[in-house]
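Got a sequence here, can you build the structure:
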Amino acid sequence: MKLTTKILIAIVLGLFVGAVLNIALPDVFKTLNEWVFSPIGDLFIKAIKMIVIPLVFFSIALGASGIANPKKLGRVGGKTVLLYLVTTAIAITIALLLANVIQPGVGVDVSKPDKADVDAAPPVKDTLLNIIPENPVKALAEGEMLQIIFFALAFGAGMALLGEKVNRVREFVEQANEVMMKLVHMLMRVVPYAAFALMVKAIGEAGVELIPKMAMYMVTLLLALVIHAALTYSLFLRFMAKINPLKFFKTMFPAMEVAFTTSSSAATLPVTMQQVEGGLKVPKKIGSFVLPLGATINMDGTAIMQGVAALFIAQLYGIDLTVSQQLLIILTATLASIGTAAVPSAGIVMLTMVFPVVGLPLEGLGIVLGVDRLLDMSRTAINITGDAMVATCVAKTEGADVEVDEKAAEIA
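Got it, this is the predicted structure:
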């Protein structure tokens with residue numbers, strides 16, 4: 001049975017069991033939650049915490065070493081990275097605006113974890129001043145995510161500038177990153193069981209009132225994805241690439257289908273390159289650089305999920321996030337997108353970078369985890385579409401004759 005099917009079954013069973021226990025057998029739920037559901041959920045959250053810091057460091061350092069390669073980081077590289085970061089920031093802004101307007105988490109009283117587990121977010125000024133770590137080892141040990149991101153970016157840039165002199169170090173970072181990705185894949189195998197336990201716990205504690213709120217969370221996230229694609233991408237395509245957005249989306253539809261079914265930007269990359277180079281006439285020298293880089297650092301859909309999920313969990317727990325803290329979410333999620341691996345459900349791991357920065361409890365991951373697999377497919381489709389849009393815009397600014405070749409697109 002496919003992992004997606006297992007997760008869907010686990011979600012449905014978790015909703016049903018949680019609702020029955022909450023309504024008919026509250027005393028039984030308390031016992032089962034104490035000895036079964038809560039321990040399973042806690043173990044899963046601890047496993048995520050165990051993986052996330054080395055995963056973030058190695059993946060961002062590896063990505064930065066490729067971006068900062070002097071041979072690649074010329075005019076095309078500068079435009080590409082700038083467009084990726086700008087569209088990611090716009091994506092999170094749209095997500096936060098929608099979450100503030102719709103307020104999917106308001107109206108349900110979810111009990112907060114122990115006080116010790118929820119640290120108050122520091123002032124934004126202090127956070128920005130502390131981005132550069134005095135002691136990188138201490139930052140890694142204490143899980144200071146923005147400091148870890150900065151040090152990883154600096155470490156990766158240093159590797160790139162030293163070139164062949166540090167081949168052994170680069171090989172170590174590459175292999176360490178592969179090890180961490182393998183651990184992520186191993187962790188994903190137990191997601192159905194963790195999703196069931198966490199879903200039962202969430203519904204059992206908060207009651208069936210949480211179910212419509214989770215539905216509203218899904219609607220908010222999907223709406224943000226659609227608005228970002230229809231508005232942001234269309235405007236860039238119309239005014240920067242000078243092509244018809246509808247024809248662009250039609251050309252990219254086969255790649256979007258593959259992305260939706262695989263939930264992996266990396267697995268979709270060959271089809272994305274076919275459609276961009278064949279159907280949109282983007283030169284191969286540009287497509288072969290921009291698209292693989294996008295699969296590494298451009299995660300608009302994942303960034304939208306991080307923004308909506310952060311506000312959703314804050315609303316459920318009754319934590320009021322100020323405007324400055326929400327701006328901090330934009331900064332953190334934009335930087336975190338550089339290290340978001342192009343594999344299924346990696347975005348849920350990256351949420352552990354965003355939550356602590358604004359003082360949100362990591363236990364909230366259990367609530368969004370249950371429905372994440374469904375949303376993961378949709379946001380991956382947006383991720384690869386954003387890669388293609390940036391490649392098309394960069395090619396146009398470089399003087400390429402970008403146009404939609406419908407026949408070539410159908411063949412591809």
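
only C-alpha atoms for contact and neighbour calcs from this point on.
Will do.

which residues sit against whichever strand or helix holds residue 185?
Here residue 185 sits within helix 167-189, counting by DSSP states H and E. Helix 167-189 has contacts (C-alpha atoms under 8 Å, 6 or more residues apart in numbering) with 3, 47, 51, 54-55, 58-59, 61-62, 159, 345-346.

ok, 6 Å please
55, 58-59 (C-alpha atoms under 6 Å, 6 or more residues apart in numbering).

now, which of these lie within helices?
55, 58-59 (DSSP state H).

Check what pLDDT residue 364 gets.
In this prediction, residue 364 carries a pLDDT score of 81.

What is the neighbour count of the nearest residue to residue 47 once chain neighbours are set aside?
Spatial nearest neighbour of residue 47, chain neighbours left out: residue 187 (7.7 Å); criterion: C-alpha to C-alpha, 6 or more residues apart in numbering. Around residue 187 there are 15 other residues, counting by other C-alpha atoms under 10 Å.

What of residue 63?
Residue 63: 23 neighbours (other C-alpha under 10 Å).

Distance of it relative to residue 172?
When distance is defined by C-alpha to C-alpha, to the nearest Å, residue 63 is 14 Å away from residue 172.

go on, residue 380?
For residue 380, the distance to residue 172 (C-alpha to C-alpha) stands at 29 Å.

Who has more neighbours out of the two?
residue 380 (32 against 13).

quick one: contacts for the more buried one?
Per C-alpha under 6 Å, 6+ apart, neighbours of residue 380: 259, 263.

give me the element it is part of.
helix 365-397.

hang on, the earlier thing: the helix or strand that comes right after the helix holding residue 185 - what's its average pLDDT?
Next helix or strand after helix 167-189 toward the C-terminus (DSSP H and E): helix 191-206. Across helix 191-206, the average pLDDT comes to 83.

Name the surrounding residues that touch helix 191-206.
Taking C-alpha under 6 Å, 6+ apart as the rule, helix 191-206 contacts 6-7, 10-11, 14, 18, 22, 37, 41, 110, 366, 370.

let's see it at 8 Å
Applying C-alpha under 8 Å, 6+ apart, the set of residues contacting helix 191-206 is 3, 6-7, 10-11, 13-15, 17-19, 21-22, 26, 29, 33, 36-38, 40-41, 44, 108-111, 210-211, 366-367, 369-370.

Hmm, residue 290 is touching residue 80, no?
Yes: with contact defined as C-alpha atoms under 8 Å, residue 290 counts as touching residue 80 (6.6 Å).

Give the buried residues for the helix holding residue 185.
Neighbour-count burial for helix 167-189 flags 170, 173-174, 176-177, 180-181, 184 (criterion: 16 or more other C-alpha atoms under 10 Å).

I'd like to know which of those is nearest to residue 143.
residue 180 (16.6 Å; C-alpha to C-alpha).

What does the pLDDT read for that closest one?
pLDDT, read off for residue 180, is 84.

same check, this time on residue 229
95.

Ok, the one 4 residues further on next?
Reading off the per-residue confidence, residue 233 sits at a pLDDT of 96.

Count the neighbours of it for me.
21.

Can you name the residues that contact the nearest residue to it once chain neighbours are set aside?
In space, and not counting its chain neighbours, residue 233 is closest to residue 389: 6.7 Å by C-alpha to C-alpha, 6+ apart. Each residue near residue 389 by C-alpha under 8 Å, 6+ apart is listed here: 233, 236-237.

which intervals of this structure have sub-threshold pLDDT?
Residues of the chain that meet the criterion pLDDT under 70 lie in 4, 67-74, 109, 111-128, 261-262, 296, 336-347, 370, 373, 405-412.

let's see 50
115-119, 409, 411-412 (pLDDT under 50).

Compute the inter-axis angle for the helix holding residue 380 and helix 191-206.
Orientation of helix 365-397 against helix 191-206 (axes from the mean of the first three to the mean of the last three C-alpha atoms, to 10 degrees) gives an angle of 120 degrees.

Please identify the buried residues of helix 365-397?
Of all the residues in helix 365-397, those buried under the rule 16+ other C-alpha under 10 Å are 365-396.

ok now the helix holding residue 185, how far from the chain's centre?
18 Å (C-alpha atoms, centre = their mean, to the nearest Å).

Can I get that helix in CSV? Just the C-alpha atoms.
Output in CSV follows, covering the C-alpha atoms of helix 167-189 (Å, rounded to 0.1, in the frame of the first residue of the first chain):
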residue,chain,number,x,y,z
ASN,A,167,36.7,18.8,-1.9
ARG,A,168,36.9,16.5,1.1
VAL,A,169,34.9,18.8,3.3
ARG,A,170,32.3,19.2,0.5
GLU,A,171,32.1,15.4,0.1
PHE,A,172,31.5,15.1,3.8
VAL,A,173,28.7,17.7,3.8
GLU,A,174,27.1,16.0,0.7
GLN,A,175,27.3,12.5,2.4
ALA,A,176,26.1,13.9,5.7
ASN,A,177,23.1,15.5,3.9
GLU,A,178,22.3,12.2,2.2
VAL,A,179,22.4,10.5,5.6
MET,A,180,20.0,13.0,7.1
MET,A,181,17.7,12.7,4.1
LYS,A,182,17.7,8.9,4.6
LEU,A,183,16.6,9.5,8.2
VAL,A,184,13.8,11.7,6.9
HIS,A,185,12.6,8.9,4.6
MET,A,186,12.8,6.4,7.5
LEU,A,187,10.8,8.8,9.7
MET,A,188,8.2,9.2,6.9
ARG,A,189,7.5,5.4,7.1
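
relative orientation of it and helix 191-206 in degrees?
Using the same axes, to 10 degrees: helix 167-189 against helix 191-206 is 60 degrees.

which stretches of the stretch 201-350 of the chain form helices?
Secondary structure of the stretch 201-350 of the chain (DSSP state H, counting those that start in this stretch): helices located at 210-227, 234-236, 245-262, 265-274, 284-297, 300-317, 323-336, 346-357.

Please name every helix or strand in contact with the last one.
Using 3 or more C-alpha pairs under 8 Å, 6 or more residues apart in numbering; DSSP states H and E as the contact criterion, the secondary-structure elements in contact with helix 346-357 are helix 38-67, helix 300-317, helix 323-336, helix 365-397.

Among these, which comes closest to residue 245?
Nearest of these to residue 245, taken as C-alpha to C-alpha: helix 365-397 at 9.5 Å.
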